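Student: 3D model of this:
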Amino acid sequence: MSLKLLRISKGGGMSVSSASIALDQFTTFGDLLKYLRRRAGMTQRELSIAVGYSDAQISRLEQNDRLPDLATLTARFIPALHAEDQPEVAARLLELAAAVRREDAPAAGLPPYKGLYYFDEADAELFFGREELTQTLVNRVNYGVKTHQHFLAVVGASGSGKSSVMRAGVIPALRWQPSSSGWPVFVITPTAHPLDSLGASLQGEVRRGVSFRNFVDELFHQPETLHLALKRITDETGAAHALLLVDQFEELFTLCRSEAEQAAFVDNLLTAAQQPDGGAIILLVLRADFYAHCARFDLLRQALAKQQEYIGSMTANELRCAIEEPAQRGHWELEPGLVELLLHDVGADVGQAPEPGALPLLSHALLTTWQRRRGRKLTISGYIASGGIRGAIAETAEAVFQDQLEPEQRVIARQVFLRLTELGDDTTTADTRRRVSFDELNLHPENREQLHEVLMTLADARLITTDENTAEVAHEALIREWPTLRNWIVENRESLRLHRHLTEAAQEWETMGRDPGGLYRGARLAQVQEWAQVHGDDLNLLERAFLEASQTLVDQESAEREAQRQNALEAAQKLAETERARAEEQSQSNRRLRQRAVSLTVAFIFVGVLALLAIVFGQRAVQAENLAVSRELAAASGNQLQIDPERSVLLALQALDKRDTLEARNALHRALPELHSIFTMPAHARGAVDVAFSPDGKILATGWVTQTILWDAHNGEKLFTLASQSVYTTTGYDLRVGQISFSPDGKYLAVANMDGVSKIWEVNTSTEISSLGEGVLPTKAIAYNSDGRLLATGGDEGLVKIWDANSGEEIFTLPLGGVIHAVAFSPNEPRLAAASEDGSVKVWDATTGEELLSLPRLSGIWDFAFLSDGRLVTAGQDGVTRVWDSVTGQELLTLAGHKSTVVGVAGSPDGTRIATSGYDETIRIWDAIPGHEVLTLAGHQDVAWDVRYSPDGKRLASASVDGTAKLWDADSGELLLTLSKGTAPTDGFTGLAFNPSGDEIATGGMDGTITLWNSQSGEVITSLTGHTFWVVGLAFSPDGTRLASASWDGTAKIWDLAAGTEITTFTGHLAPVLITGIAFSADGKRVFTGGDDDFVRMWDAETGQELASFSGDGKDIYGVALSPNGNVLAMSNQDGDIILWDLNSGEKLRTLSGHAGLVLRLEFSKDGSRIASAGFDRLAKVWDVNTGEEIASLYGNTSNVFGVSFRPDGNQLATAGADGTIRTYTLQVDDLITLARARVTRLLTEDECRVFFHSNGCP
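Tutor: From the prediction side, this is the model:
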């Protein structure tokens, strides 16, 4: 049974599409009803009006709930859905309705799953799977009570279930426990004003004639206020303790803008927790990616170092329990195989932990599956119809947005969702949810009822949560997984950022009693007013009032200034007139005498001066003209870049020819990477869709759907045309067809045809010699293996096939799924990779057909480094390490195997191997030349934080936050030693370093302990204690006798390793401060430390005396670099300024300004004459160290630039960006020009010269 697609025209008529849909694919009444409604172009409201139902009734019908009788369906619904003339459609709809009315009708009852909502205390009876973790946390609280440690932080990734385990697990368990059953419990989230949130929670308990605002003021000014309030509560209730749970602690950083309020909130929490006789127990719930933000607060980072519990992913058994137990409690049945399918889809079907952030996706998919239940059974078909793990959230959100909201309500919903999103920084911090008041959401008072209806609709669908005065997104997974919302954010990110600043400024102005001092002025006001001309409908009443008041103030100030100017001008005019009259009378007689004498002198000089001026001004005119023309051509080059890259290069060359200016150099830098053509061939009439070089480079093959053409690769001459018999026609832009592949010896050419039959041709004779396949669906990809014996093909079937290239016999069929667009053999191993349209990439053993690995998609670059031969290695957030040719930008190797983010990369001393460590708890060793994985070193139980080779390259050390460091044989992968927290007094390792001889290893601990190990035996040599928080930087002195350490506790220390004692502590950085790095000078006599107190400090390594400090001019310092000769220190700050210091005199040399955002990294060239900077304005810049002149601005990055690195000869610079790309740039202007002239294939035409030179001929 099939259904013709009907499209309803605007005039009401229907047109029949040639496509058909199988009616059997609709297994529920609700799904078919939704499809027919959407096919008719109707919203739920429009259908409800047509059939006389309410919106809510239509929504329930599409969830198979409360179906109408068959007569109503026939009389009302089928006509409204334009299905009267399609009896098969009407029959299927009635059939499904009857099935629902029989045994498949959804049974009544409460849902057993929460969807995107977290589990709260009232949901404890449905909270399963976290029993072991709950007991661990309760034990930590009980132990803390006994040992007077009344603070515990629970840390975990977004979507790990932190809130639920605390609210529905720990708090109920403590209430059930006799010793804590009487404790008063308070649960808060910080919000934008954490002290208000804290005050509102406690006010009713402690208010004794104190107003709410006065109580909040006490919290702000007196850190002991919370302690006294909770003590009063315990005294009055007779309870031993009172528990305060601060959920979503990261809101302190994402929503609260006042650093003073942040500090007061933290001070109150920690003061209450640290009172020896106090009754307060403070529990924090923190997202892991905000952990480093806590280091700014001294008391907080000390508490975190001692008292924290990290929540990892649930195991497969725990997930199974969380799925099955709630269903059993509610007497719901799970269809056999459903649980296994769910576990598979979250990546936990083979004993593995689920994907990060999968928990809310699973919970929502379960809820939507329950909504599609048949009777009391949750079915696989219902789960698939919901969209599955990845699609359920998007399906729900899109359905509510499109079907339950009118067009004008969708505009309101878009504004609501954007205001409920807190923007991240594009790099390290993701977008998060934001709690917003109803007043902020009420943009237009006349639409207040519409807003209320939209909020209730979204809340009913569990997409947002609301309380008395505020709303917020139900879970951040919605922000990640709903494409519509993601697109809104991506397309409007900068606009949203400006709007958010305006919102906060207006709210602050309101808080200040509308003080004029809080209003916008100058450039900021002009920028926002320009934005508001386009986005005026997105402003609320307060924001409009703020802008109007700002403009009124500016007008008043302007009027006052003009009045003052006019008064001063009038007074000056009167005085001038008086003086002029007096002077005129005196000067008249003198003027006549002077005129006679001067006239004769001038006459003689005038002729000579005219001649000289003619020469000078002529030269200046030429220079000025050349400068103007150069800049004009540079601007034209930029304008032509996206239109014609070759024309852009030609214009940039002409600009440099006129005058070597910064603009001209930058124009050529921008244009040259976009120019890749050698010559142009007029090939296929409708375009070419694939191209391949023969192995010897002499022949170029181009392919189209119906033909393949062979060309001479040196001169572009056409050699042969190989015609296909394919009659397949393409529509639109689906042109990924006709892939071609030369055999390794160049004798044969394999062509994938759209008729499903691949052909092999003999190149020299252009003769078809073999056919592969039977012609079922189009074949779009084809490739030879390295010896030419095997061919692989792929296409619309979603299958990869391996063939014997000589006999044409099919050897293997490998399933991939989706439309396959690319297949490729590894050059040196029997491996085959294929990629499909759905993003799947897999690699198989080409000899056995065994699947070897599946690669994730590309993402941002986390780290990169040059290898000794000049190649670049990048480590990605997608778990992939890639090797690139740093000259051409060609991707040489992809080292894929990590299942999550790659944290670190280390190259062996001889450059032959690469070691990587990652979030998947493994260390992997790769051959740096063929690029295959040599060893996988598994054994860590948490993130493998760091990895280092020993100086001789024979051993590899790894450090993990699981509390162990491991030493491995770098050749065999044998585990030689485990340096564990059982033998060292620390909770986990955050840094390590080999000494110069390689026989000792120093490790830094999360609790501040430094441990020195014998790298041969694994014995602990000594433990160095003194730091109180993570030790993140370690450096041995060149002679190996001393060790320098940098810690997040705000101190740096030097240790005598022979005595095991601390030599000195560097105390110049003012606490609280985060010290980010430490290094010895080359001679070992000086130590440099950098921190977020805006200073880089230089110390005497022997005495600990601070020799000099170098200020970041009151700005946070991000980048630090030392010149190769050790004489110049460079630092960059948050405003994008680069400050150079003379280390010999301690004087500031100069400040380099030019970046529009913070500069994250700096690097000197090897000769120290230039410095490169990586900016968050998407630019890398190169500067002359001696003059401070900007040499080049390097464009091309589409996001923040994270790293820069000079090649050893200084002629090229590589950049690494958040857009996932590595780019290399030629820095020598002569080389750049030579390279450009070698790449262009033509000169400017006469027409182009007329346009750009405004002349009739070319220069």
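
Student: the nearest residue to E504 once chain neighbours are set aside: what's it in contact with?
Tutor: Beyond its immediate neighbours in the sequence, the residue positioned closest to E504 (C-beta to C-beta, 6 or more residues apart in numbering) is R257, lying 5.8 Å away. Using the backbone N, CA and C atoms, a C-beta is placed for each residue, glycine as well. Under the criterion of C-beta atoms under 8 Å, 6 or more residues apart in numbering, the neighbours of R257 are A192, E504, E508.

Student: R257 and A97, how far apart?
Tutor: When distances are taken as C-beta to C-beta, to the nearest Å, R257 and A97 turn out to be 55 Å apart.

Student: ok, Q307 next?
Tutor: With the distance defined as C-beta to C-beta, Q307 ends up 59 Å from A97.

Student: of these two, who's got more company?
Tutor: When neighbours are counted by other C-beta atoms under 10 Å, A97 comes out ahead of the other of Q307 and A97, with 24 against 19.

Student: that one sits in which helix or strand?
Tutor: In this structure, A97 is located in helix 87-101 according to DSSP states H and E.

Student: what's that helix packed up against?
Tutor: With contacts taken as 3 or more C-beta pairs under 8 Å, 6 or more residues apart in numbering; DSSP states H and E, helix 87-101 sits against strand 2-8, helix 29-39, helix 70-72, helix 78-80.

Student: walk me through the domains of this structure.
Tutor: Here the chain is described, according to automatic domain parsing, as comprising the domains 2-101, 130-313, 713-852.

Student: mean confidence score for the second one?
Tutor: Model confidence over domain 130-313, given as mean pLDDT, is 88.

Student: residues in contact with L672?
Tutor: If a contact means C-beta under 8 Å, 6+ apart, then L672 has V649, A652, T1226, L1232, L1235, A1236, R1239 as its contacts.

Student: distance check, it against L662.
Tutor: 16 Å.

Student: can you tell me the SS state at the residue nearest to E504?
Tutor: Using DSSP: H, G, I helix; E, B strand; the rest coil, the secondary structure recorded for R257 is coil.

Student: looking at it, L1024 is touching G1008, isn't it?
Tutor: No: counting by C-beta atoms under 8 Å, L1024 sits too far from G1008 to count as a contact (9.6 Å).

Student: neighbour count winner among the two?
Tutor: Applying other C-beta under 10 Å to L1024 and G1008 shows that G1008 carries more neighbours, namely 26 against 23.

Student: could I get the phi/psi values of the more buried one?
Tutor: Backbone torsions for G1008, taken as degrees, to the nearest 10, come to phi 100, psi 0.

Student: same question, G182
Tutor: Taking degrees, to the nearest 10, you get phi -100, psi 10 for the backbone angles of G182.

Student: contacts only, for it.
Tutor: T237, G238, A239, A240 are the contacts of G182 under C-beta under 8 Å, 6+ apart.

Student: make it 10 Å
Tutor: Contacts for G182 were tallied using C-beta atoms under 10 Å, 6 or more residues apart in numbering; they are R175, T234, T237, G238, A239, A240, H241.

Student: can you check R647 too?
Tutor: By C-beta under 10 Å, 6+ apart, the contact set of R647 is 636-637, 639-641, 671, 675, 1240, 1242, 1244-1245, 1248, 1252.

Student: just name the closest of those to N64, please.
Tutor: Taking C-beta to C-beta as the measure, N64 sits nearest to L641 out of the contacts of R647, at 55.4 Å.
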